[in-house]
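K.L.:
with the sequence up front, the predicted model follows.
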Amino acid sequence: MSRRGLSLDDWPEPDRCAWTRAIVEGDIFDGRGPAAHWVGTTRKAVIAAYGRWLGFLAVCEPAALAESSVQRLTGDRLARYLNHLAETAGTVGRHMFFAKLRDAVRVMFPGKVPQHLSRVVARLESECRPRSKAARIVITSRLAAQGTKLMKEAARPEGKITDPVAYRDGLMIALLALRPVRMRTFSLIRVGTHFRQVGEEWRMVFEGPEMKSGRAFEITVPENLVPSLRYYLREVRPMFTGANRHDGVWASTKGRPLTATAISRVISERTREAFGQSVSPHLFRHCAATTIAILQPGRIGVARDLLDHASLTTTNAHYNKARSMEASRYYAGVLAALTPKPLRSQHSSDRLLQVSARGLDGLARHSKAPTRREPSLRASTKLHKLANMIVCRNESGGSDVDGRPAYDPAVVAGRGEDRVAPGVPSPDHSGTGRWADQ
C-alpha cells in the first residue's frame, strides 16, 4: 500500500476550508484561528499527518472522503489505519501520526474530536518505546574539539585554506556544539542579518517566526570562535561557487545555501567518522543538556534557556538521564573499591577510574568509615586522589586536539564556557594572512 499522503491542494474542499479557518490570523474583532499561533514546522507536520490519513482512505476506501470529516473517523477505520502505519512506523512514529491527526481535528473542528481517537492517542503514547539516546551522547567539549580539529586540518601551516568544505563543516560543528540552536533555525542564518556585533561581543539574533517557540531569541557567539567565524565569512565562504549570489552563511558547492537536511547529513557523516556513530544536529541539544546536568546539576535552568525550552519539563528529561549516568558511576566506583587488587588489570582499572569527581565525592560521603571487616573500602581514598588527576577525562578517554583532556568542566561551569582548544587555526588579523595560535 502506498505511504504517500494527499497534499493540501488535494484534500476534500470541506477539509481545506476548515484548515484555512484554523490558521487564519484575523484581527482584534474577528479573532484568530485556533492554530494561528503555530509555527511553520508544526503546521507542516500536522498537514503531513492529516494528509497521510486522507491518503490511506483514498486508497482503501475512496467513498469515505465524501463523508463529513469527523464522521469518517470511525473506530474500524482508525484500527485499519493503525495497522497500515505499523507496516513502516515504530511505536513513536505511530503515536506521532495519530497525535497530529487529533491536533488537526481539534483545530479544524473545535469541540468535535471523537473520544475514541483521544483514547487511541493516549494508548499509543503509553506504548511508545523510543530508541535510547544515552549510548550516543557525546560530551559537548568533544564535539567542539572535533570541530576545531576539522578547521585546523583544512589549512596548511602557513594559513592557506586547502579544504573550504572541511573548514565550513568544522565551524558548523563547533558552533552548534556550544550554541545548540534547532536545525531549522541554524540553517536560516544569513550574512548581515543574524550575526550582530555589540561592543566586543558577537551575537546571534533570531526573530520570533524563525524559532519553534515563536519567541525572539538572542545568544552570544563563543568568544574564541569569533576569529574563526570572521575568517570564514571574509576568506573561506567566498571560495564556494555562487556564494556571492546568496546571503546564506552556510554556503554549498552547488551555488546555494545548505538546507537544514543537507546540514544534518553533513554533520552526521562527520561525527560518524570521528566517533564511530553519527551525532545528529538535534542530538547536539541532548548532549548539551546532559553535559550541563552532569557537571552543574543545580543549574539545569541554564540548559532550558540555552535550548529555548518553554519550560523545564523537557529539560528535566536530560537531567534525569544524567542522574542515571551518575548513579552508574557510583556503582562503578564501588565495584572498583571492592575488587581485589591482583584481579584488577591495568586496562580495567583505567575504565573504572573514568568517574567524575562528583561521583567519587558522593561515594566517599555515602560510604561508612572503614572498619577492620571492610579494609577494601580504604581503596576509595586512593581512587579519590587518583580521580583528581583524571577529573577532566572523558568517559571515552578522548583528548582535545592539543592533547589536553577533552572532558573540560569549564565548558559548562561558567569559568571558561566558550573556551576552545588552543592550537586551532584562526586569523591573526595582522594583514599577513598567517594563522595565530590561540
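P.N.:
Nice, thanks for sending it over.

K.L.:
what is the neighbour count of the residue nearest to Leu175 when sequence neighbours are not counted?
P.N.:
Once its chain neighbours are removed from consideration, Leu175 has its nearest residue in Leu225; the separation is 6.0 Å (C-beta to C-beta, 6 or more residues apart in numbering). Heads up, the C-betas are built off the backbone N, CA and C, glycines and all. By the measure other C-beta atoms under 10 Å, the count of residues near Leu225 is 25.

K.L.:
local confidence estimate at Leu225?
P.N.:
According to the prediction, Leu225 has pLDDT 94.

K.L.:
would you agree it is in contact with Ala177?
P.N.:
No - if you go by C-beta atoms under 8 Å, Leu225 and Ala177 don't touch, sitting 10.0 Å apart.

K.L.:
where's Thr41 relative to Arg190, distance?
P.N.:
With distances taken as C-beta to C-beta, to the nearest Å, Thr41 is found 18 Å from Arg190.

K.L.:
can you point out the buried residues in the helix or strand harbouring Arg16?
P.N.:
Following DSSP states H and E, one finds Arg16 within helix 13-23. Across helix 13-23, burial judged by 16 or more other C-beta atoms under 10 Å covers 15, 18-19, 21-23.

K.L.:
for this protein, give me the ranges with low pLDDT.
P.N.:
Along the chain, the parts satisfying pLDDT under 70 run over 1-2, 28, 297-438.

K.L.:
the lengthiest strand in it pairs with which strands, and in what direction?
P.N.:
Longest strand in the chain, counting residues (DSSP state E): strand 201-206. Neighbouring strands of strand 201-206 in its sheet, by DSSP bridges, are strand 195-198 (antiparallel), strand 217-220 (antiparallel).

K.L.:
buried ones in the last one?
P.N.:
Taking 16+ other C-beta under 10 Å as the neighbour-count basis, strand 217-220 is seen to contain the buried residues 217, 219.

K.L.:
now stretch 44-59
P.N.:
In stretch 44-59, the ones that count as buried by 16+ other C-beta under 10 Å are 45-47, 49-58.

K.L.:
helices - which of these land there?
P.N.:
For those, the ones inside helices are 45-47, 49-58, with DSSP state H as the criterion.

K.L.:
which one of the buried residues of stretch 44-59 sits closest to Gln71?
P.N.:
Leu57 (12.2 Å; C-beta to C-beta).

K.L.:
pretty sure that closest one is touching Leu65, no?
P.N.:
Yes - using C-beta under 8 Å, Leu57 makes contact with Leu65 at a distance of 5.8 Å.

K.L.:
tell me, what's touching those two both at once?
P.N.:
Contact with both Leu57 and Leu65 is made by residues Arg72, according to C-beta atoms under 8 Å, 6 or more residues apart in numbering.

K.L.:
got the CA coordinates for the helix holding Arg16 in PDB?
P.N.:
Only the C-alpha atoms of helix 13-23 are listed here, as PDB (Å, rounded to 0.1, in the frame of the first residue of the first chain):
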ATOM      1  CA  GLU A  13     -13.000  21.000   0.000                       C
ATOM      2  CA  PRO A  14     -14.600  21.000   3.500                       C
ATOM      3  CA  ASP A  15     -11.300  19.900   5.000                       C
ATOM      4  CA  ARG A  16      -9.300  22.600   3.100                       C
ATOM      5  CA  CYS A  17     -11.800  25.300   4.200                       C
ATOM      6  CA  ALA A  18     -11.700  24.100   7.800                       C
ATOM      7  CA  TRP A  19      -7.800  24.200   7.800                       C
ATOM      8  CA  THR A  20      -7.900  27.700   6.300                       C
ATOM      9  CA  ARG A  21     -10.200  28.900   9.100                       C
ATOM     10  CA  ALA A  22      -8.000  27.200  11.700                       C
ATOM     11  CA  ILE A  23      -4.800  29.100  10.700                       C
END
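
K.L.:
which stretches of the stretch 151-300 of the chain form helices?
P.N.:
In chain order, the stretch 151-300 of the chain shows helices spanning 164-178, 183-187, 226-231, 260-275, 281-295, 300-307, with DSSP state H, counting those that start in this stretch as the criterion.

K.L.:
and of those, who's closest to Gly93?
P.N.:
Ranking these by distance to Gly93, with C-beta to C-beta as the measure, places helix 281-295 first at 15.8 Å.

K.L.:
Leu8 - how many residues pack around it?
P.N.:
As a measure of burial, Leu8 has 17 neighbours, counting by other C-beta under 10 Å.

K.L.:
with adjacent residues omitted, what lies nearest to Tyr232?
P.N.:
In space, Tyr232 comes closest to Leu171 once its chain neighbours are excluded; the distance is 5.4 Å by C-beta to C-beta, 6+ apart.

K.L.:
ok, the one you found touching Met151?
P.N.:
Yes - counting by C-beta under 8 Å, Leu171 sits close enough to Met151 to count as a contact (6.1 Å).

K.L.:
of the two, which one has the most company?
P.N.:
Met151 (28 against 25).

K.L.:
for Arg80, what are its contacts?
P.N.:
Arg80 sits in contact with Cys60, where contact means C-beta under 8 Å, 6+ apart.

K.L.:
what strand or helix carries it?
P.N.:
Following DSSP H and E, one finds Arg80 within helix 75-86.

K.L.:
and this protein, what are its domains?
P.N.:
Dividing the chain into domains by automatic domain parsing, as the record does, gives the ranges 8-126, 134-309+419-437, 315-409.
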